[in-house]
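# One predicted model, sequence on top.
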Amino acid sequence: MEAGGLPLELWRMILAYLPLPDLGRCSLVCRAWRELILSLDRTRWRQLYLGCAECRHPNWPNQPDVEPESWREAFKQHYLASKTWTKNAAILETSVCFSLFRRRRTRRTLSVGPGHEFHSLGSALAMSSLFDRILLFPGLHEEQGEIILKVPVEIVGHGKLGEVALLASIDQQCSTTRLCNLVFMPAWFSPFMFKTTSGHVQFDNCNFENGHIQVHGPGTCQVKFCSFKNTHVFLHNVPLCVLENCEFVGSENNSVTVEGHPSSENNWAYTHLLGLIRSSPGVLPTEDSDSLMSLDLESRDQAWSPRTCGIVIEGSQSPTSLATGSPTAGSQEAEVGSNGERVARTPDSSDGGLSPSGEDEDEDQLTYRLSYQVQGPRPVLGGSFLGPPLPGASIQLPSCLVLNSLQQELQKDREAMALASSVQGCLIRKCLFRDGKGGIFVCSYGRAKMEGNIFRNLTYAVRCIHNSKIIMLRNHIHHCRASGIFLRLEGGGLIAGNNICHNAEAGVDIRKKSNPLILCNQIHHGLRSGIVVLGNGKGIIRNNQIFSNKEAGIYILYHGNPVVSRNHIFKGHAAGIAVNENGRGLITENVIRENQWGGVDIRRGGVPILRSNLICFGYSDGVVVGDEGKGLLEGNTIYANKGCGVWMMASSLPHVTSNHVSYNGLYGVAVFSQKDGSGEFPGGHGGQENFSEDGDAILWETELEKDDDPLRRPITVALVESNSVNHNGASGLYIQSSEALHIVNNVIHANRVRGITVAQSSQLTRVANNSISCNRQSGVKIEAQCKVELRGNGIYDNRGHGIITKGDSTVMENDIIGNRGSGLQVLPMSDTKVIKNRIHSFRASGIAVQGHAKALVQDNTIFQGRTNKTIFQQSSNNQECIIQNNRFLVFKKSDTWRLTNPPARPHLENSLRGPSAAHGGQKVTAMATRITAHVEGGYHSKRSIFCTIL
């Protein structure tokens, strides 16, 4: 008979009346018939599945309104699972023992209930044989004594779920049993409704209320489509247990406890359960559908190359001698600002400087071009972050900072893939945990795997302690009253692809040497931090989206020591990453953007390694290194933050190297030494952070590790080296510190105020081998009573003076060329040594000494500027200005001036080196205080522009 003899619609109508066995036989006729049977998925197969009293909706309890991909496949999986408990029947019936004493091989059905063969379950069990079926009819069945199962049986409730209630305490001592379609309640004499120590038990479509279930290894269990109300499932040393499509409601403690290492002794069901798990569809992704938010900026491919500038030397053929009188009045191209600083009144240009070739020159004036280079390290992230941020545009992230899908990460990380694919201990999937105290508690070397579950309205979702391991894939954890996932005492495992949100405490809490792999999760809208690592906690936090949390996206403290890499941390209401109280950590290749406070906030003994991150578009400072904060900032791009690029305290001895700091609203790098105020919170902010487990204070100091990191470069003074600091809204570097500071090998370019401002420096600030160019005002300004040494710098093409000094300064072996004001202006009350420099100014004197300034000018080469400007200018009655052994070069037509022997400064050796490849270990200690926002009126605050700490 051919399926094509009738229209397909008629065949489907006919086949819709066939029972399950006949459908199976028809599918074996031929390929055409098989395809016809498979086409009945939405009709007959759906009808068969929903008509089975033992079946709930395949997507119950999490998505009961969503149809499965295939009703036939769902029915098949349920059918196979319902037969697992009988897989050892053939073994038992062919064994020597049972072959001698078995009664008969046919399985009977024993009825229990009023008017039926047996009046109680106990009497039916006394008469049962191997694999008999005991049918409980509707009503309340109460057993007055403990029931002991000595032979494998199946106990099934007749009718709809809820019509058959069983009040009993059952102790299984046989190899296997199945219980289905029952409502379990504990007997009056024991809270345990069911327990087994070695056999296999299968629960299908049951309700459990107000009691306990206990399974000891090597016993196993399989639980599907069951509801647990105020019921505790205790699994001790189980080699394998499956809880699938179950609902846990209203637990007074935790709903499921997994304790002890999985037993090495396996019962007969272990292999069958393992095969069933591997054959059923899991939740491991084949294609990651979670689209990740990208930065809203446009890609601008502007190459960063060494800048070659042309300096035009203006003058007549007649020589100009050294003058000692008052300065000659210049033309209107510049004016004198406050504190004697010369400010150019010239139109803006794209780089903050002005090319002289664009101005009108007299025809009789001679010009000469003096070439030099502005050198510097290349930006870490390429050309996308060189141009100014454009409103409403989007930026293409470099490949190193684009988030991978979970599948891509698992394919790259074999260890993570092995973890995600492993099955050991307890497998809990597609379950709902709600409205109780705790979800799952894994302890004492326990093993548990959780896939596709929902945890909501609990005190906590998952706790993992005492060397236990958890695997969490694609779970949804939200609205917990404490932390979502809590690991302590060397807990570990894999937490991947989860959605963790709206929790009252941290989304993930890692402490006391726990070391999980946290991969490709979304952790967001928490009422506190996204992830907290403390108390010697470790972990690898990679490729996550962490956003819109009320406190720090990642909070590291009390010797916490994680590796944080390739995450997107954005739109937080506090800092993106906060490292406090001796926290450590390797923080690398993250995108930290649009956070309300500092992108990274390091205080109170925090010592992280911050390497190769993009920190951008923050509403405060990019990086804050506050009171007693330390650490290495290397190879980061700090871009377009509204506050400073880096705000730090010199007393903390931070090491800032090879960073690209650009287009920030205030200073590029600001260095202070004053302690943050202790009582300056805005109203309603402040208060101590609570990191205890149940609200009680915990003293961590006795458990802290004191390991030193051999990979960290020891420094004894705050160090800012090999950075590119450009196009920031105020000075490139602003120093107001009473601590020593070294500023070495930096490129400080086109900032909107000065290149470097030294407002306070009671100890020596050393500025060496920097390129300081094209800034809107002077290249360097040194205020009164500041101790500064400038050596080997190239100070070029700034719109104001090259250097202004009021303090105690040494200016040695610098090239000060092409600045619009004086090359060097020495103001009254200063004490300045000017030795072996090459100095030239466009429109003013090479050196101007005003008032009764004390100065030693020796062995310098000073080029003439304009014809109507003197080379050297000083007051006639200043006896404290010593001038000796200088060369004053007046321009002549036949002259050729070049910066040779040595070549143009700075001589940046090894300044183009990228971030170090060394990845150190890290760790944290003491009770942290909560950071709060503090908005200052201007950018001359002695504290972080937007942040302060209690």
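Okay, I see it.
# And the closest residue in space to Gly139 that isn't next to it in sequence, how far from Ala904?
Closest residue to Gly139 in three dimensions, ignoring its sequence neighbours and counting by Cβ to Cβ, 6 or more residues apart in numbering: Gly113, at 5.8 Å. To be clear about C-beta, it is placed using only N, CA and C from the backbone, and glycine gets the same treatment. According to Cβ to Cβ, to the nearest Å, Gly113 stands 102 Å off from Ala904.
# okay, those two: which has more neighbours?
Ala904 (22 against 19; other Cβ atoms under 10 Å).
# what's the distance between the more buried one and His801?
19 Å.
# Using neighbour counts, pick out the buried residues of stretch 448-460.
448-456, 458-460 (16 or more other Cβ atoms under 10 Å).
# pull the helix or strand with minimum mean pLDDT from this protein.
For the chain, scoring each helix and strand by mean pLDDT, DSSP states H and E identifies strand 931-933 as the least confident one, at a mean of 26.
# Pop out the phi and psi values for Gln408.
phi -60, psi -40 (degrees, to the nearest 10).
# Report the secondary structure state of the residue nearest to Gln144 when sequence neighbours are not counted.
Distances taken as Cβ to Cβ, 6+ apart put Ala187 closest to Gln144, at 7.6 Å, once the chain neighbours are dropped. Using DSSP: H, G, I helix; E, B strand; the rest coil, the structure places Ala187 in coil.
# So Ala187 sits against Ile170, correct?
No. Under the criterion of Cβ atoms under 8 Å, Ala187 is not in contact with Ile170, lying 9.3 Å apart.
# For the two, list the residues in contact with both.
Common neighbours of Ala187 and Ile170, using Cβ atoms under 8 Å, 6 or more residues apart in numbering, are Glu146.
# you'd agree Met400 is in a helix?
Small correction: residue 400 is Cys, not Met. Yes. Going by three-state DSSP, the assignment for Cys400 places it inside a helix.
# what residue lies at the spatial centre of this protein?
For the chain, the residue whose C-alpha lies nearest the mean C-alpha position (Cα atoms, centre = their mean) is Asn567; its distance is 4.2 Å.
# tell me the pLDDT at that one?
Each residue has a pLDDT score; the one for Asn567 is 96.
# For Ala928, report the pLDDT, please.
Listed pLDDT for Ala928 reads 26.
# Sorry, slip of the keys, the one I care about is Ala650.
Confidence per residue is given as pLDDT, and for Ala650 that number is 72.
# Counting neighbours, what do you get for it?
By other Cβ under 10 Å, 25 other residues sit near Ala650.
# That one: what's it in contact with?
In this structure, Ala650 makes contact with 671-673, 718, 735, 737-741, judged by Cβ under 8 Å, 6+ apart.
# May I see those residues organised as JSON lines, with secondary structure, distance to Gly122 and pLDDT added?
Listed next are those as JSON lines, based on DSSP: H, G, I helix; E, B strand; the rest coil; distance: Cβ to Cβ, whole Å; pLDDT from 0 to 100:
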{"residue": "Val671", "secondary structure": "strand", "distance to Gly122": "83", "pLDDT": "92"}
{"residue": "Phe672", "secondary structure": "strand", "distance to Gly122": "81", "pLDDT": "88"}
{"residue": "Ser673", "secondary structure": "coil", "distance to Gly122": "83", "pLDDT": "78"}
{"residue": "Ala718", "secondary structure": "strand", "distance to Gly122": "81", "pLDDT": "88"}
{"residue": "Ile735", "secondary structure": "strand", "distance to Gly122": "87", "pLDDT": "94"}
{"residue": "Ser737", "secondary structure": "strand", "distance to Gly122": "85", "pLDDT": "88"}
{"residue": "Ser738", "secondary structure": "coil", "distance to Gly122": "87", "pLDDT": "87"}
{"residue": "Glu739", "secondary structure": "coil", "distance to Gly122": "84", "pLDDT": "87"}
{"residue": "Ala740", "secondary structure": "coil", "distance to Gly122": "87", "pLDDT": "89"}
{"residue": "Leu741", "secondary structure": "strand", "distance to Gly122": "86", "pLDDT": "91"}
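# For those residues, work out which two are farthest apart.
When the contacts of Ala650 are compared pair by pair using Cβ to Cβ, the farthest-apart members prove to be Phe672 and Ala740, with a separation of 13.9 Å.
# Can you pick out the residue with more neighbours from those two?
Phe672 (25 against 19).
# if I read this right, Lys160 contacts Cys52, doesn't it?
No. When contacts are counted by Cβ under 8 Å, Lys160 is not listed as touching Cys52 (11.9 Å).
# neighbour count winner among these two?
Just comparing Lys160 and Cys52: by other Cβ under 10 Å the higher neighbour count belongs to Cys52, 15 against 10.
# just to revisit the earlier point, give me phi/psi at the residue nearest to the centre of the chain?
Note on Asn567: backbone dihedrals following degrees, to the nearest 10 are phi -100, psi 160.
# Can you tell me the closest non-neighbouring residue to Met648?
Val625 (3.6 Å).
# Quick one: neighbours of the one you found, just the number.
As a measure of burial, Val625 has 33 neighbours, counting by other Cβ under 10 Å.
# Residues in a beta bridge with it, which ones?
In this structure, Val625 bridges to Ile602, Met648 when assessed by DSSP bridges.
# tell me the contacts of it?
602-603, 631, 633, 646-649, 652, 654.
# mind giving me TSV with those and columns for distance to Lys224 and neighbour count?
Putting these into TSV (distance: Cβ to Cβ, whole Å; neighbours: other Cβ atoms under 10 Å) gives the following:
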residue	distance to Lys224	neighbour count
Ile602	50	32
Arg603	51	29
Gly631	51	27
Leu633	53	30
Val646	57	32
Trp647	57	29
Met648	58	30
Met649	60	28
Ser652	58	22
Pro654	57	25
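# could those go into CSV alongside distance to Glu67?
Converted to CSV, the contacts of Val625 look like this (distance: Cβ to Cβ, whole Å):
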residue, distance to Glu67
Ile602, 52
Arg603, 53
Gly631, 53
Leu633, 53
Val646, 55
Trp647, 55
Met648, 58
Met649, 61
Ser652, 60
Pro654, 58
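# Out of those, which one has the weakest pLDDT?
Across the contacts of Val625, the bottom pLDDT score, 75, is held by Ser652.
# Contacts only, for that one.
Ser652 makes contact with 625-630, 718 under the criterion Cβ under 8 Å, 6+ apart.
# Skipping adjacent residues, who's closest to it in space?
Computed as Cβ to Cβ, 6+ apart, the closest residue to Ser652 that is not its neighbour in sequence is Gly629, at 4.8 Å.
# Let me know the secondary structure of Trp85.
Assigned by three-state DSSP, the conformation of Trp85 is helix.
# That one contacts Leu179, doesn't it?
No. Under the criterion of Cβ under 8 Å, Trp85 lies out of contact with Leu179, with a separation of 9.5 Å.
# The buried residues of stretch 448-460 in strands, which ones?
Judged by DSSP state E, the subset of the buried residues of stretch 448-460 located in strands is 448-451, 454-456, 458-460.
# all strands for the stretch 51-200 of the chain, in order.
Remark: strands of the stretch 51-200 of the chain, listed N- to C-terminal, are 109-112, 132-136, 139-142, 147-149, 153-157, 164-167, 170-172, 176-180, 183-185, 192-196, 200-204; assignment by DSSP state E, counting those that start in this stretch.
# Could you check how far the third one is from the centre of its chain?
The reference is to strand 139-142. 55 Å (Cα atoms, centre = their mean, to the nearest Å).
# before we move on, what about the fifth one?
Using Cα atoms, centre = their mean, we find the averaged C-alpha position of strand 153-157 to lie 51 Å away from the chain's own average C-alpha position.
# rewinding a little: what's the closest of the ones in strands among the buried residues of stretch 448-460 to Gly24?
Compare each of these with Gly24 using Cβ to Cβ and the shortest gap goes to Glu451, at 30.3 Å.
# Give me the common contacts of Trp85 and Leu179.
Contact with both Trp85 and Leu179 is made by residues 154, 201-202, according to Cβ under 8 Å, 6+ apart.
# so how many other residues sit close to the residue lying closest to Glu265 once chain neighbours are set aside?
Of all residues not flanking Glu265 in the chain, Pro218 sits nearest, at 4.4 Å (Cβ to Cβ, 6+ apart). Number of residues near Pro218 (other Cβ under 10 Å) recorded here: 21.
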